[in-house]
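Chemist: no FASTA, just this:
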């Protein structure tokens, strides 16, 4: 039995975009426990940060499109506002990368023959890309690309959802006699054979290339092998990467090794990839949907806080993107949750919070310095506190409160925040770095790991991160710092990553980045 070490908790390892706003070139946005985006105004930082709430609203709301561009969390207009402007029509590509190990174990449940783990490297990743284009102001889902072990499977379909293109590494393969159909309104579309769906329900989730695989396997299988055994093998074969396909095919039962060539093993590899496509997409949906549904986001335009808020007896497991329901979130906390909330607030600014009922049906949020008995209404203590509290509340919510749905629950969560330092004194901006590092270094009863994406303009925040690295409070490998540069002439955004060394210094820091010139 092959056992792979579980190295990273977070399933989502990176996001990829191409022809997405200013990011015309393919851009890989790798996620680390603390991922920081820096750049001048309108460079493209927010476009990357907002991918998290964009995917969340796309998966939680019914829509005719796989991506819901405009909703409560983020409003990007429509696909014409998102796709890179160009004289020629472009295809928008948005993708995800996850570790290959979990997929290999998943496919092993269905496979017959050598397990995929034998031929896949634990450090490799699976990339899944959705391809979109503009049909007027509507979003047209053109197809998907799946990359495993350097092998690329492309599937395309018509506007009606009928598969009309299948290719592996650019080599086309004919769709079989059974028409393949997809559900193009889903980010993770189900791919099935029309005849099987209308007929034998048990065959609905069968592989997509059983007959073709039988034909490809027949020349290498021993002649005395029963036809039903060959059929069973073709039905249940796992994905065999092309780079090791000849060895893998020889390990299949009843195969005559001398009959296996580079050509026929490469074809079997391609067909095994296509054959398992529906299972792979199902797995990706199963793994990534909880990640996005359990994520949390706070935008830069945060509510300033009211002197009084009306009590609403609603479950508050997340704040909205503006933090407008912060008071109700804090009011809903039990004693233990309020204690852990105040622990975060103390780390950030040395204050604690309480909520008092103020007349019939109303509450007021009050804040006071640690150790002092006097509390003031949050509207009376300066704008910075009212901007900070929603950030603290959302971080607390994503780590301390599940969403109440089995589908949405995960022990590995993502928190994305834009400009958490707004209206804060530099000392408090530095405390935010302490707060975020503390969050990613600790577990809660519901969460094993927290990934935080921060879009910021704060030099103080970055400097404090470097100090924490130097003090060994966090490993440099746990932080990714990205600069987003925009070429104004070409209107092209590019992502450039720099890293802290062991002394907390960024050696590739661009000269004059925070200067006025």
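Modeler: That came through fine. If you're wondering where the values come from, they're calculated on a predicted model, not measured in any experiment.

Chemist: From here on, just use CA atoms for contacts and neighbour counts.
Modeler: Will do.

Chemist: quick one, what contacts the closest residue to residue 384 other than its chain neighbours?
Modeler: Nearest residue to residue 384, sequence neighbours excluded (C-alpha to C-alpha, 6 or more residues apart in numbering): residue 423, at 4.7 Å. Neighbouring residues of residue 423 by C-alpha atoms under 8 Å, 6 or more residues apart in numbering: 383-384, 387.

Chemist: Quick one, which of those are buried?
Modeler: Those of the contacts of residue 423 that meet the buried threshold are 384, 387, by 16 or more other C-alpha atoms under 10 Å.

Chemist: In CSV: the contacts of residue 423, plus distance to residue 351, pLDDT and secondary structure.
Modeler: Listed next are those as CSV, based on distance: C-alpha to C-alpha, whole Å; pLDDT from 0 to 100; DSSP: H, G, I helix; E, B strand; the rest coil:
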residue, distance to residue 351, pLDDT, secondary structure
383, 15, 79, helix
384, 13, 84, helix
387, 14, 88, helix
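
Chemist: how about the helices of the stretch 301-450 of the chain, start to end?
Modeler: Applying DSSP state H, counting those that start in this stretch to the stretch 301-450 of the chain gives helices spanning 326-332, 335-349, 383-400, 426-441.

Chemist: Now render those as JSON lines, adding distance to residue 100.
Modeler: Formatted as JSON lines, the helices of the stretch 301-450 of the chain follow (distance: least, C-alpha to C-alpha, whole Å):
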{"stretch": "helix 326-332", "distance to residue 100": "38"}
{"stretch": "helix 335-349", "distance to residue 100": "35"}
{"stretch": "helix 383-400", "distance to residue 100": "26"}
{"stretch": "helix 426-441", "distance to residue 100": "24"}
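
Chemist: Looking at these, which is nearest to residue 281?
Modeler: Taking C-alpha to C-alpha, helix 383-400 is the member of the helices of the stretch 301-450 of the chain nearest to residue 281, at 26.7 Å.

Chemist: Name the residues that touch that closest one?
Modeler: 294-298, 302-305, 317-319, 322-323, 326, 329-330, 337, 340-341, 344-345, 378-379, 413-415, 417, 420-424, 444-447, 450.

Chemist: and those residues, which are buried?
Modeler: The buried subset of these - by 16+ other C-alpha under 10 Å - is 294-298, 302, 304-305, 317-319, 322-323, 326, 329-330, 337, 341, 344-345, 378-379, 413-415, 417, 420-424, 446-447, 450.

Chemist: Can you flag which of those belong to strands?
Modeler: Residues of the buried ones among the contacts of helix 383-400 located in strands (DSSP state E): 296-298, 413-415, 417, 450.

Chemist: now, the most widely separated pair of the residues you listed?
Modeler: Spanning the widest gap among those are 298 and 450, at 15.3 Å by C-alpha to C-alpha.

Chemist: How many neighbouring residues does residue 149 have?
Modeler: 17 (other C-alpha atoms under 10 Å).

Chemist: Over to the one 4 residues further on?
Modeler: Neighbouring residues of residue 153 were enumerated by other C-alpha under 10 Å; the total is 22.

Chemist: what's across from the nearest residue to residue 439 once chain neighbours are set aside in the sheet?
Modeler: Nearest residue to residue 439 in three dimensions, chain neighbours excluded: residue 450, at 6.9 Å (C-alpha to C-alpha, 6+ apart). With DSSP bridges as the criterion, residue 450 is bridged to residue 413.

Chemist: just checking, residue 450 touches residue 33?
Modeler: Yes. Contact criterion C-alpha atoms under 8 Å: residue 450 and residue 33 qualify, at 6.6 Å.

Chemist: From residue 331, how far out is the closest residue to residue 327 other than its chain neighbours?
Modeler: Once flanking residues are discounted, residue 327 sits nearest to residue 365: 6.3 Å by C-alpha to C-alpha, 6+ apart. Distance of residue 365 to residue 331, computed by C-alpha to C-alpha, to the nearest Å: 9 Å.

Chemist: Enumerate the beta-bridge partners assigned to the closest residue in space to residue 454 that isn't next to it in sequence.
Modeler: Among residues not flanking residue 454 along the chain, residue 36 sits closest, at 4.8 Å (C-alpha to C-alpha, 6+ apart). Under DSSP bridges, the beta-bridge partners of residue 36 are residue 454, residue 481.

Chemist: quick one: low-confidence parts of the stretch 351-500 of the chain?
Modeler: For the stretch 351-500 of the chain, applying pLDDT under 70 flags the ranges 403-409.

Chemist: try 50
Modeler: For the stretch 351-500 of the chain, the stretches with pLDDT under 50 are 405-407.

Chemist: Over to the stretch 1-150 of the chain?
Modeler: Within the stretch 1-150 of the chain, the stretches with pLDDT under 50 are 1-8.

Chemist: Would you map the helices across it?
Modeler: Assigned by DSSP H, counting those that start in this stretch, the helices in the stretch 1-150 of the chain fall at 45-49, 51-60, 79-82, 100-108.

Chemist: Could I get the contacts of residue 423 in TSV, plus columns for distance to residue 123?
Modeler: Formatted as TSV, the contacts of residue 423 follow (distance: C-alpha to C-alpha, whole Å):
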residue	distance to residue 123
383	46
384	43
387	40
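
Chemist: Out of the contacts of residue 423, which is nearest to residue 166?
Modeler: Set against residue 166, the nearest of the contacts of residue 423 by C-alpha to C-alpha is residue 387 (50.2 Å).

Chemist: any idea how far that closest one lies from residue 323?
Modeler: In this view, residue 387 and residue 323 are 9 Å apart by C-alpha to C-alpha.

Chemist: Overlap in contacts, these two.
Modeler: Joint contacts of residue 387 and residue 323 (C-alpha under 8 Å, 6+ apart) are 302-303.

Chemist: returning to that earlier point: ok, the residue nearest to residue 439 - contacts?
Modeler: Contacts for residue 450 (C-alpha under 8 Å, 6+ apart) come out as 33, 399, 412-415, 439-440.

Chemist: Apply 10 Å and report the result again.
Modeler: For residue 450, the contacting residues are 9-10, 32-34, 295, 395, 398-399, 411-415, 436-437, 439-444, by C-alpha atoms under 10 Å, 6 or more residues apart in numbering.

Chemist: Quick one, which of the residues you listed are buried?
Modeler: For the contacts of residue 450, a burial check counting by 16+ other C-alpha under 10 Å picks out 10, 32-34, 295, 395, 398-399, 411-415, 436-437, 439-440, 443.

Chemist: Can you give me the domain assignment for this structure?
Modeler: Domains of the chain are assigned by automatic domain parsing as 208-275, 295-401+411-474.

Chemist: And the longest one, how far out from the chain middle?
Modeler: Relative to the chain's own centre, domain 295-401+411-474 is displaced by 23 Å; criterion: C-alpha atoms, centre = their mean, to the nearest Å.

Chemist: which residue packs closest to residue 17, ignoring adjacent ones?
Modeler: Spatially, and ignoring its direct neighbours in sequence, residue 17 is nearest to residue 94 (4.6 Å; C-alpha to C-alpha, 6+ apart).

Chemist: Could you tell me how many residues sit around that neighbour?
Modeler: Neighbour count of residue 94, defined by other C-alpha under 10 Å: 20.

Chemist: That one reaches residue 26, doesn't it?
Modeler: Yes. Counting by C-alpha atoms under 10 Å, residue 94 touches residue 26, with 9.3 Å between them.

Chemist: Mutual contacts of these two, please.
Modeler: Common neighbours of residue 94 and residue 26, using C-alpha under 10 Å, 6+ apart, are 16-20.

Chemist: For PyMOL, write the select line for the buried members of these.
Modeler: Filtering the shared contacts of residue 94 and residue 26 down to the buried ones (16+ other C-alpha under 10 Å) takes a single PyMOL command:
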select buried, resi 16+17+18+19+20
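
Chemist: With distance to residue 508 as added columns, please give the shared contacts of residue 94 and residue 26 in CSV.
Modeler: CSV is the format used below for the shared contacts of residue 94 and residue 26 (distance: C-alpha to C-alpha, whole Å):
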residue, distance to residue 508
16, 23
17, 24
18, 26
19, 27
20, 27
